[in-house]
Structures are given as structure tokens and as C-alpha cells.
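**Student:** Take a look and give me a structure for this.
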Amino acid sequence: DDSGLPDDHRVIVAATWALSIDRADRTRPAGLARPLLEVASVLDANGIPRTVLTGTPVLEYLAQRRRSDAAGEGPQTLSPADAYDGLRVLHRFSLLDHNPDAFFQEVRVHQLIQRATRDTLTGSELAATAHTAADALVAVWPDVERDQAGPVLRANTGILRTLTGTALWEYDGEAHPVLFRAGTSLGDAGQVSAAVTEYTWLHDTATRLLGPDHLDTLIIRNNLAYWRGEAGDPAGAAAAFQELLADRLRVLGPDHPHTLTTRNHLARWRGEAGDPAGAAAAFQELLTDYLRVLGPDHPHTLTTRHNLASWRVKAGDPAGAAALQELLTDRLRVLGPDHPDTLTTRNNLAYWRGEAGDPAGAAAAFQELLTDYLRVLGPDHLDTLTTRDNLAYWRGQAGLE
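**Tutor:** Take a look at the predicted model:
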């Protein structure tokens, strides 16, 4: 806000910035300093991962924005080393701070420099910069979040969303995937109430900007209902998925993958709300349709087999445990031993082994599983901590110290 700056401070900063960036942009590698700073100007001033600013989306942006009169040539293919050298140039001119030892927060930029940089962009240029930054965040977002990756990427997404208005909702007529990734990241980190709050905001915004029947609005409703259940309201989640299913059947039809996904969630939360037999029956019907539409080895088909087997066990059908063992064989073949879904199946097998009267076997299985979770997910991941809890419980049930 201009009113928050004393005297002509903003004007002075802008003038100083203009002199510095012009000089930096002429320094080898010429023509990269300005567009690099443009991308950094829409991200978190307190820490941007270097890989975000040296990845493919930003390299393509640099090639497009590179000024011919500064570089002596038109756009060309650039490498991460070129972007890294551009960061070092900006660091030497004190336009940003680049500390290679600050893992995943190597780049910091003063907010006044960010503001001065954004002020030079037209509306369309700011939107293009926002899309590039969002693409770059998604590109480096790990499937399994370890260390500080999740919090840093969520912080950068939040700042990007705040600084660029509705740009992330105008991504070829869709919401940018980074919005969904950040919301789900909260839930995956165990912050389920925060995920509900985030997806509530996303739903309100999507309804206003995209309309209630837009595909992204329906996806957001799906995710909101899911995290509502994870936050401790299974009946509310089941009701929300029932309403969503009616709309997805109307808009997308019965065989659309998103409609089938909604049926999957509805069956699960129906069981969580106290009807395991009904959940098992719903998953049996869903499996028939998944086999017809997607085939036997599709991940969604395998997930449905997992859910069907689990709810059969919970409904008192002992054949469910045998079905889980068969599923593990197929998941190892299709997904590999370190895939999260494979590890989840091992977790459920270990649990039901204990429930079937073999606490020592369950403890041994959880011990093996913990070793793999530590290697794949790290010590602080929620699934690793849950496995430690299960191991301690079944060791106690087995009378082990």
C-alpha cells in the first residue's frame, strides 16, 4: 500500500531498482536478470526454492522474455546453469539474496524490490508470470513431502495467490493445479481442519469465478467433502458426496472417472458413518464398473479392490483378508514395493493379522513396514508416525517389551 511508505520512499526504491536491474540485465548471462526477478517477485520473499527458479517452466519463460537488445540474440534454449548464473548476477547487484546453503529457501527478495518489479508488468505480463511461477511450483512439488518442502511450497503458493489476483483462476479457463496441490498438502501433513478451511475458500471462489457446474468446482467439492470426513465428520462427508454424485451424474455421466471417484468416496464414508456392509456392497458394484471402464490393472481399480477387501473384513467377512493378500501381489507387480498404495495395503494386512488373533505376527509386520516407511517417507511423515503407533500397540498386545 503506497500510504504505508514514508515520503517518496517507493519512488526512490523504484528508481534505484531501475538502475540496478538495467545494469544486471546487461551482465552475462545477459537478458536473464530481469525475467528471473519477475518470477521471484510473485513468490515468497522469505524463501524460494532454487529449483523453482531453475526448472523447465522458468527456463521457458526466460527464453521468451529475454530481450534481444540485451542478449544480442533472440530466445534460445537455456539450461539450469544459465538460470543459476542469473541468480548470482542478481545477488551481486543486491537485488536478491542467494544463499546456496539455505536448503529449499535459497532465494530471498525484499518485498519493496518485489513491488518495484511487479509495477513494471502489464496485466497480461503479470498473469503470464503468475502461471509460470505456479507451473514451477507444481513441477518441483514432491509426491511424498519430506523435511520442509511442504510448508515452503504452500507458503509460496499462498503469496503467489495473494499477489496475482485472479490470475491462477484464469489458466486456460481453469483453476491452476497448484491451488489444489496446496490444499491437499495441508491435509496430507495432518492439518485436516486447515485443509477444510482452504477448500471451503476454494469452493466459494470457484463458484463465483467459474460457476457451480465447472469441472474444477466439482473437483473442489469432492476434496472438501473428503477432508470434512478426515476432520471427524463422516456422516457429513457421506451426505456431501451423495449430493455431489447427483451433480456429477448430471454433468459428466455415469462412466466419467470423476463420477466413479465420487462413488468410491461415498462408499467409504458410508462405511465410516457406521454401515460397513453397505460400504462393501457399494464397493462391489463400483469394482464391476471400474473393471469395465478402466481395466484390472488401473490404479483406481486396485484401490477399489483394496477398499472392498477392507470393508468386507470390517463387515465380518473373513474372505476380505485373503483378498487383501491377493491385492498386495498385484500392487507389487503394477506399482512396485515403495508406492504409497502398496505400503498402505501392507499396513492393512498387518492390522487385520493382529485382529485375527496373531499380535506377534502383526508386530513383526509393522516392524518391517516401519523400516520401509522411514526409508521412503522419512521419520516425520504422518504415515510413519502412525506405523510407529501401531507397532507399539501390537507389541503390547503380544506381550513384547
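**Student:** which stretches of this protein form strands?
**Tutor:** Assigned by DSSP state E, the chain shows strands spanning 97-98, 107-108.
**Student:** Okay, helices next: where are they in the stretch 1-150 of the chain?
**Tutor:** Using DSSP state H, counting those that start in this stretch, the helices found in the stretch 1-150 of the chain span residues 9-26, 33-40, 50-54, 56-65, 68-71, 80-92, 111-118, 123-140, 149-163.
**Student:** re earlier: just the strands of the chain: most buried one?
**Tutor:** Burial of the strands of the chain is given as mean neighbour count (mean count of other Cβ atoms under 10 Å); strand 107-108 ranks first at a mean of 20. The way it works is simple: take the backbone N, C-alpha and C, and place the C-beta from them, glycine included.
**Student:** will you turn the strands of the chain into TSV that also has mean pLDDT and distance to Leu335?
**Tutor:** Output for the strands of the chain, formatted as TSV (pLDDT from 0 to 100; distance: least, Cβ to Cβ, whole Å):
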stretch	mean pLDDT	distance to Leu335
strand 97-98	96	39
strand 107-108	98	35
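**Student:** just checking, Gln284 touches Leu308?
**Tutor:** Yes: if you go by Cβ atoms under 8 Å, Gln284 and Leu308 touch, sitting 5.9 Å apart.
**Student:** Which one's more surrounded, the two?
**Tutor:** Set Gln284 next to Leu308 and count neighbours by other Cβ atoms under 10 Å: Leu308 wins out with 24 against 14.
**Student:** Contact partners for Leu391?
**Tutor:** With contacts defined as Cβ atoms under 8 Å, 6 or more residues apart in numbering, the neighbours of Leu391 are Ala363, Phe366, Gln367, Leu370.
**Student:** swap the cut-off to 10 Å and go again
**Tutor:** The contact partners of Leu391, by Cβ atoms under 10 Å, 6 or more residues apart in numbering, come to Ala350, Ala362, Ala363, Ala364, Ala365, Phe366, Gln367, Glu368, Leu369, Leu370, Leu400.
**Student:** State the distance from it to Ser20.
**Tutor:** For Leu391, the distance to Ser20 (Cβ to Cβ, to the nearest Å) stands at 57 Å.
**Student:** Ala315 touches Pro276, doesn't it?
**Tutor:** Yes: at 4.1 Å, Ala315 and Pro276 qualify as touching, with contact defined as Cβ atoms under 10 Å.
**Student:** okay, those two: which has more neighbours?
**Tutor:** Legend: neighbour count by other Cβ under 10 Å for Ala315 and Pro276, higher for Pro276 (19 against 16).
**Student:** Wait, that one touches Leu308, no?
**Tutor:** No: Pro276 lies out of contact with Leu308 (Cβ under 10 Å); the separation is 11.4 Å.
**Student:** where along the stretch 301-401 of the chain do the helices fall?
**Tutor:** Using DSSP H, counting those that start in this stretch, helices in the stretch 301-401 of the chain cover 319-334, 340-355, 359-376, 382-397.
**Student:** Out of those, indicate the one that is most buried.
**Tutor:** Using mean count of other Cβ under 10 Å, helix 340-355 ranks as the most buried of the helices of the stretch 301-401 of the chain, with a mean of 20.
**Student:** who does that helix touch, helix- and strand-wise?
**Tutor:** helix 299-314, helix 319-334, helix 359-376, helix 382-397 (3 or more Cβ pairs under 10 Å, 6 or more residues apart in numbering; DSSP states H and E).
**Student:** Would you tell me which of those helices gets closest to Pro151?
**Tutor:** helix 382-397 (14.0 Å; Cβ to Cβ).
**Student:** any idea of the angle the closest one forms with helix 340-355?
**Tutor:** Interaxial angle of helix 382-397 relative to helix 340-355 (axes from the mean of the first three to the mean of the last three Cα atoms, to 10 degrees): 20 degrees.
**Student:** gap between helix 382-397 and the chain center?
**Tutor:** Here helix 382-397 is found 26 Å from its chain centre; the criterion is Cα atoms, centre = their mean, to the nearest Å.
**Student:** circling back: which one, of the helices of the stretch 301-401 of the chain, ends up nearest to Glu170?
**Tutor:** Closest among those, using Cβ to Cβ: helix 340-355, at 32.7 Å.
**Student:** can I get the CA coordinates of the closest one in PDB?
**Tutor:** In PDB, the C-alpha atoms belonging to helix 340-355 read as follows (Å, rounded to 0.1, in the frame of the first residue of the first chain):
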ATOM      1  CA  PRO A 340       2.300 -45.400  -1.100                       C
ATOM      2  CA  ASP A 341      -0.700 -47.600  -2.100                       C
ATOM      3  CA  THR A 342       1.500 -50.800  -1.800                       C
ATOM      4  CA  LEU A 343       2.600 -49.700   1.700                       C
ATOM      5  CA  THR A 344      -1.000 -49.000   2.700                       C
ATOM      6  CA  THR A 345      -2.000 -52.500   1.700                       C
ATOM      7  CA  ARG A 346       0.800 -53.900   3.800                       C
ATOM      8  CA  ASN A 347      -0.400 -51.700   6.700                       C
ATOM      9  CA  ASN A 348      -3.900 -53.100   6.500                       C
ATOM     10  CA  LEU A 349      -2.700 -56.700   6.200                       C
ATOM     11  CA  ALA A 350      -0.600 -56.200   9.300                       C
ATOM     12  CA  TYR A 351      -3.600 -54.700  11.200                       C
ATOM     13  CA  TRP A 352      -6.000 -57.400  10.300                       C
ATOM     14  CA  ARG A 353      -3.400 -60.100  11.100                       C
ATOM     15  CA  GLY A 354      -3.400 -58.800  14.700                       C
ATOM     16  CA  GLU A 355      -7.200 -58.500  14.800                       C
END
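**Student:** For the protein, name the helix or strand with the lowest mean pLDDT.
**Tutor:** helix 68-71 (a mean of 46; mean pLDDT, DSSP states H and E).
**Student:** Can you name the residues that contact Ile21?
**Tutor:** Ala33, Arg34, Leu37, Glu38, Leu90, Phe93, Leu95, Ile113, Ala116, Thr117, Thr120.
**Student:** Good, we can wrap up now.
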